[in-house]
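Trainee: pasting the structure only:
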C-alpha cells in the first residue's frame, strides 16, 4: 500500500511539472513568423500516377523546396479513412541524407476528420504534459506543382529514428491495428491485430505472453500480474487521458506499444488524435478494451485510474492549459487556413 501511495504522489508531481513542449507557440511580436511553404514538384506522368493510386501505397519521385533548400525524394498517399477524403494524407521519404525539420521521413497529415486543424496539437500538448514521448509536428503550407496551397501538419512517424531522437533504447515496437484485441481468444494470429514495426521479424513471443496474461489472470490480481508485462501505471494514465479527450478511436487503434532494451515491459506511445471529443458519449468508463475491462475488476487498479482521471481533469484538461494553446495556434494558422480552398 505504501508503494502505491508513492506512485500517486509521483503522478501528482508529474502532472504539476512543466513538460518539454514540441507545440509551436505563436508569438505575434516575432518578425516574419508564419507557417512555412513546402513546394512539391512532380513530373506530369508521375503526378497522374500518384492521383490514380490514392488508395494504395505507390510512391512517385518528387522534388521538395522548403525554406530555401531543395531535396529529392519519394511521395505516396497515406492513412486509412483519409484516403477517401478530398483532403488526403501523404508519406514522404527524402533521399541523399536530406531532411526537412530534421526528419528524413515524415507524414503530411491533412487532419481530414478535424476542420478546426487544432485537435492534434492540443492532444499532443496534453499527452506531453503527462510525460508521454511525443512525436515532432509542425504546420506547413503544401503546394503540389501549380495547385492550391493546403494547410497540413507535418508529422514525425513512430519508427526506430524516433526512439534514437528520444534517447529510448528500443527493443520491440508494435502498432495496434484497427479494432485490435488485447486477447488471444478467438484470434490466435496476433498479426491480425498488431503490426510489428521493429525489429523486422515474425517473432511475437513477448506480445503473446502479455496477451496470455490478460486472458488468464484473476481480475482481483490484475494490476500486480499485468504490471509484470506492461507498465500498467503508464497505461492507466494513457487510458484516463484518452477518456478525458473522448478519443474514441484510440483504445483499440491508433497507438503504439514498445519495449525498451532496459525493461521488457510494454509501454504506450499515443498517436493520431484527430477523432477526438465524442460529445454524444456519456459513460463512467469511456473507452473499452480487454486491459481496462480487467483492471476495472481490480480494486487497486481502478482506484489508481480514478486518481489519474482526477489529476488530469483538475490540473491538465483545464482552461488555463488549453486556452493559451488554442489562441496561439489559431493566430498562427488563420491566414493559411483561410487560403485553403477545402477548409
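Mentor: Received the coordinates, thanks. Not measured: the values here are computed from a predicted model. Numbers count the residues shown, from 1 in each chain.
Trainee: Select the longest strand from this protein.
Mentor: Across the chain, the strand with the greatest residue count (assigned by DSSP state E) is strand 69-78.
Trainee: List the buried residues of that strand.
Mentor: Of the residues in strand 69-78, 71, 73, 74, 75, 76, 77, 78 count as buried by neighbour count, 16 or more other Cβ atoms under 10 Å. The C-beta positions use only the backbone N, C-alpha and C, and glycine is treated the same way.
Trainee: From residue 129, how far off is residue 311?
Mentor: Applying Cβ to Cβ, to the nearest Å, the value for residue 311 to residue 129 is 11 Å.
Trainee: More neighbours: which of these two?
Mentor: For residue 311 against residue 129, the residue with the higher neighbour count under other Cβ atoms under 10 Å is residue 129, and the figures read 23 against 20.
Trainee: I'd guessed that one sits against residue 317; true?
Mentor: No. Checked against Cβ atoms under 8 Å, the pair residue 129 and residue 317 is beyond contact range at 9.7 Å.
Trainee: Thought residue 298 was touching residue 220, still the case?
Mentor: Yes. Applying Cβ under 8 Å as the test, residue 220 and residue 298 come out as touching, 6.0 Å apart.
Trainee: Who has more neighbours out of those two?
Mentor: More neighbours surround residue 298 than the other of residue 220 and residue 298, with 22 against 13 (other Cβ under 10 Å).
Trainee: Can you tell me the closest non-neighbouring residue to that one?
Mentor: Beyond its immediate neighbours in the sequence, the residue positioned closest to residue 298 (Cβ to Cβ, 6 or more residues apart in numbering) is residue 222, lying 3.9 Å away.
Trainee: Which strands and helices lie in contact with the longest strand of the chain?
Mentor: helix 44-52, strand 60-66, strand 89-94 (3 or more Cβ pairs under 8 Å, 6 or more residues apart in numbering; DSSP states H and E).
Trainee: Tell me which strands it pairs with, and in which orientation.
Mentor: strand 60-66 (antiparallel), strand 89-94 (antiparallel) (DSSP bridges).
Trainee: Comparing the ones you listed, which comes out most buried?
Mentor: With neighbours taken as mean count of other Cβ atoms under 10 Å, the strands paired with strand 69-78 reach their highest mean count in strand 89-94, at a mean of 20.
Trainee: and that strand, average pLDDT?
Mentor: Averaged over strand 89-94, pLDDT sits at 96.
Trainee: tell me the angle that strand makes with helix 44-52.
Mentor: Between strand 89-94 and helix 44-52, the angle formed by their directions is 140 degrees, by axes from the mean of the first three to the mean of the last three Cα atoms, to 10 degrees.
Trainee: can you list contacts of strand 89-94?
Mentor: By Cβ atoms under 8 Å, 6 or more residues apart in numbering, the residues outside strand 89-94 that reach it are 57, 59, 62, 64, 71-79, 82-83, 100, 104-110, 112, 157.
Trainee: Now do the contacts for the most centrally placed residue in the chain.
Mentor: Closest to where the C-alpha atoms of the chain average out (Cα atoms, centre = their mean) is residue 271, at 1.3 Å. Remark: with contacts taken as Cβ under 8 Å, 6+ apart, residue 271 is in contact with 135, 158, 175, 250, 254, 255, 256.
Trainee: mind giving me CSV with the residues you listed and columns for neighbour count, pLDDT and secondary structure?
Mentor: As requested, the contacts of residue 271 are exported to CSV (neighbours: other Cβ atoms under 10 Å; pLDDT from 0 to 100; DSSP: H, G, I helix; E, B strand; the rest coil):
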residue, neighbour count, pLDDT, secondary structure
135, 23, 93, coil
158, 21, 96, coil
175, 18, 94, strand
250, 25, 85, coil
254, 21, 86, coil
255, 23, 91, strand
256, 22, 95, strand
